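Visitor: have a look at this prediction, sequence included:
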Amino acid sequence: MTISFDISVPGKLQLTPGQAVDFNTPLTRTFTKEVVRLQIAQELGIPNDKIFMHISKIVGDSVGANEILATKKSTFGSKQISSPTSGVITQIDHETGSVLIESSSENSGVTKCFFKGVVKEIKNSDITLEVKSSDKYKLKDVVGDFGGEVIYQNEQNLGDLTEDDLKNKVIFTESIKHGEAVRLDVLGANGVVTCEDFKEKEGILSAEVEDKNSWKAISETKHTHCIIDKKNATMYLYSQT
């Protein structure tokens, strides 16, 4: 069977249909844009409005790092200016005699998948995942998209959980204090799902079950993993294929 959910994690989606994914699979990769202004006329010693006579590119052209952009020839030789970065020419300004280059570079931060299975389909930010079986529950007060292996814990025993216990885990607990939720978040838990509301959720990946009567069924489920879909306020409890 399949489940479909929406993700709103920043960055460019790295998944493809048919791909088997786990918690080590890159989900999104972010890119940073940098704009470099080169003072071509000033460097070449030419009037600003003569820049077009010396530059070898036009707006929209790609340029590589160290590629020659402009040349001034004279009886004493020639002077050339190279691009310090790869990118795209976005402006050639004859009033200032300058050129703008916009470059994109990969950010060191990569978001990993918070789910496991085989990706069947991707449509915009909607992902369809093939799983063995699943159950669906409505949520409220959802903070972020998250998921992972499920671990059920009484509030009294939350303090026993360590960093090793929490890797790739979503904590299911009937109730939790704000301070304890912060501690679990710092230790690396993927999120918290509760039956009862707790204050100051902002900044902590968390969700509250909408129908409190469903908590017994949730806590007794045999499913091993969960996906929290913030946009649709939905939780999928699922088992892998």
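Guide: Received, thanks.

Visitor: show me where pLDDT drops low in the protein?
Guide: Scanning the chain for pLDDT under 70 picks out 104-108, 241.

Visitor: tell me how far the residue of it most remote from its centre lies from residue 26.
Guide: In the chain, residue 75 marks the outermost C-alpha relative to the chain mean, sitting 54.7 Å out by Cα atoms, centre = their mean. Note on residue 75: its distance to residue 26, by Cβ to Cβ, to the nearest Å, is 56 Å. (Glycine included, C-beta is placed from N, CA and C.)

Visitor: which residues does the residue farthest from the centre of the chain contact?
Guide: Contacts for residue 75 (Cβ atoms under 8 Å, 6 or more residues apart in numbering) come out as none.

Visitor: likewise for residue 203?
Guide: Neighbouring residues of residue 203 by Cβ under 8 Å, 6+ apart: 143, 185.

Visitor: rerun that using 10 Å as the cut-off
Guide: 143, 144, 181, 182, 185 (Cβ atoms under 10 Å, 6 or more residues apart in numbering).

Visitor: for it, grab phi and psi.
Guide: Taking degrees, to the nearest 10, you get phi 90, psi -10 for the backbone angles of residue 203.

Visitor: in the longest helix that the chain contains, what's buried?
Guide: Secondary structure assigned by DSSP state H gives helix 178-186 as the longest helix of the chain. Under the neighbour-count criterion of 16 or more other Cβ atoms under 10 Å, helix 178-186 has 180, 181, 183, 184, 185 buried.

Visitor: off-centre distance for stretch 159-170?
Guide: Centroid separation for stretch 159-170 versus its chain: 23 Å, with Cα atoms, centre = their mean, to the nearest Å.

Visitor: returning to what we had before: for the contacts of residue 203, which one is nearest residue 2?
Guide: Distance to residue 2 across the contacts of residue 203 (Cβ to Cβ) is lowest for residue 144, with 23.0 Å.

Visitor: would you agree that closest one is in contact with residue 205?
Guide: Yes - using Cβ atoms under 10 Å, residue 144 makes contact with residue 205 at a distance of 4.4 Å.

Visitor: compare neighbour counts for these two and give me the winner.
Guide: The neighbour comparison of residue 144 against residue 205 (other Cβ atoms under 10 Å) goes to residue 205, with 24 against 17.

Visitor: what sits against residue 179?
Guide: By Cβ under 10 Å, 6+ apart, residue 179 lies in contact with 198, 200.

Visitor: no, scratch that, I was asking about residue 222
Guide: By Cβ under 10 Å, 6+ apart, the contact set of residue 222 is 133, 135, 237, 239.

Visitor: filter these down to the ones in strands?
Guide: Those of these mapping onto strands are 133, 135, 237, 239, per DSSP state E.

Visitor: which of those residues sits closest to residue 100?
Guide: Residue 100 has its nearest neighbour among the ones in strands among the contacts of residue 222 in residue 237, at 50.9 Å by Cβ to Cβ.

Visitor: is that closest one in a bridge, and if so with what?
Guide: For residue 237, the beta-bridge assignment (DSSP bridges) gives partners residue 135, residue 226.

Visitor: relative to residue 227, how far out is it?
Guide: Going from residue 237 to residue 227 by Cβ to Cβ gives 9 Å.

Visitor: overlap of the contact sets of these two?
Guide: Residues touching both residue 237 and residue 227 by Cβ under 10 Å, 6+ apart: 3, 134.

Visitor: more neighbours, the two?
Guide: Each of residue 237 and residue 227 has its neighbours counted (other Cβ under 10 Å); residue 227 has more, 26 against 22.

Visitor: count of residues packed around residue 219?
Guide: 13.
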